[in-house]
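In: Mind folding the following:
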Amino acid sequence: MSNNEKRLAGEAAIRYVEDGAIVGVGTGSTVAYFIDALADLRDRIQGAVSSSEQSTAQLKKHGIPVLDLNATGPLSLYVDGADECDPYKRLIKGGGAALTREKIIAEASEKFVCVIDSSKKVDLLGKFPLPIEVIPMARSLVGREIAKRGGQPVWRDGVVTDNGNWVIDVHGWQIADPAALENDLNQIPGIVAVGLFARRPANIVLIGDRLMD
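Out: Next up, the predicted model:
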């Protein structure tokens, strides 16, 4: 059921793609279905801005031009998945270690369409460990700061982001105020990006081919 919902969600997001658009494209298994569907529209769009090397490779395989965000300016649409989504469309992202570029493209986009399966819908964020991208030399510093806040930091050993950084996954948090936590963590030196998308949540969430209530 999960894979079918992912496919339906990825394909349903195509309805938000307008002719002549430059589309922001996220990362992950659900987004892969969106990219496959986007291939049918490649002659009707200008191209895509990609959040990861993985998505870039898939877009190029389909002959979709991959553009630089610095050159495109603001985007009308960003399509991406999530590891968790609460009733207010606030998200945890970063399971695929692409959170920083995903957050940049989301911020640059007028509309953020999040595509998920029903297992990602939660009442309270935090069961999925919160990914945080850190400068390598700051790993221990950031870990101590997280522990002070009641979290259990676990270094995702062996993982290097597309930006050359490391990822810490924080266990043990039930996140009642995601925006406040996001803001607090952003003040810690060495943190590049936090996998909370609360200050800039999704505008639309598709669970399969259905809009989330």
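
In: quick one: the helices in the protein?
Out: Shown for the chain, the helices assigned by DSSP state H span residues 2-12, 29-38, 53-61, 69-72, 99-107, 139-148, 178-185.

In: Show residues contacting the last one.
Out: If I follow you right, that is helix 178-185. With C-beta atoms under 8 Å, 6 or more residues apart in numbering as the test, helix 178-185 has contacts from 86, 90, 125, 132, 149, 173, 175, 191, 194, 196, 198-199. For every residue, glycine as well, the C-beta is placed using N, CA and C.

In: Look at the closest residue to residue 114 other than its chain neighbours and say how many residues are nearby.
Out: Spatial nearest neighbour of residue 114, chain neighbours left out: residue 202 (3.7 Å); criterion: C-beta to C-beta, 6 or more residues apart in numbering. If you count neighbours by other C-beta atoms under 10 Å, residue 202 ends up with 24.

In: Equivalent analysis for residue 34, please.
Out: 29.

In: can you check residue 70 too?
Out: Residues near residue 70, counting by other C-beta under 10 Å: 7.

In: how near is it to residue 105?
Out: Look at residue 70 and residue 105: by C-beta to C-beta, to the nearest Å, they are 12 Å apart.

In: Need the residues touching each of these two.
Out: Listed contacts common to residue 70 and residue 105 are nil; contacts here mean C-beta under 8 Å, 6+ apart.

In: who touches the nearest residue to residue 160 once chain neighbours are set aside in this structure?
Out: Spatial nearest neighbour of residue 160, excluding adjacent residues (C-beta to C-beta, 6+ apart): residue 166 at 6.8 Å. For residue 166, the contact set (C-beta under 8 Å, 6+ apart) comprises 133-136, 139, 155-156, 159-160.

In: tell me the pLDDT at residue 166?
Out: Here the pLDDT value assigned to residue 166 is 98.

In: same thing with residue 1?
Out: pLDDT recorded at residue 1 is 45.

In: what's the answer for the one 5 residues further on, then?
Out: Looking at residue 6, its pLDDT is 93.

In: State the distance from it to residue 28.
Out: Residue 6 sits 9 Å away from residue 28, going by C-beta to C-beta.

In: again, but for residue 120
Out: Applying C-beta to C-beta to residue 120 and residue 28 gives a distance of 11 Å.

In: what's the overlap in contacts for these two?
Out: residue 81.

In: Show me how this protein divides into domains.
Out: By the assignment in automatic domain parsing, the chain contains the domains 2-121+200-211, 130-195.

In: Go through those domains and pick out the most buried.
Out: Here the criterion is mean neighbour count by mean count of other C-beta atoms under 10 Å, and of those the winner is domain 2-121+200-211, at a mean of 20.

In: Pull the distance from that domain to the chain's centre.
Out: Going by C-alpha atoms, centre = their mean, to the nearest Å, the spacing between the C-alpha centre of domain 2-121+200-211 and its chain's C-alpha centre is 8 Å.

In: picking up where we left off before, show me which pair in the contacts of helix 178-185 is furthest apart.
Out: Across the contacts of helix 178-185, the longest distance by C-beta to C-beta is 21.8 Å; it joins 86 and 191.

In: Nearest residue to residue 19 in space, please, no chain neighbours.
Out: residue 44 (4.9 Å).

In: Next, find the distance separating that neighbour from residue 188.
Out: For residue 44, the distance to residue 188 (C-beta to C-beta) stands at 44 Å.
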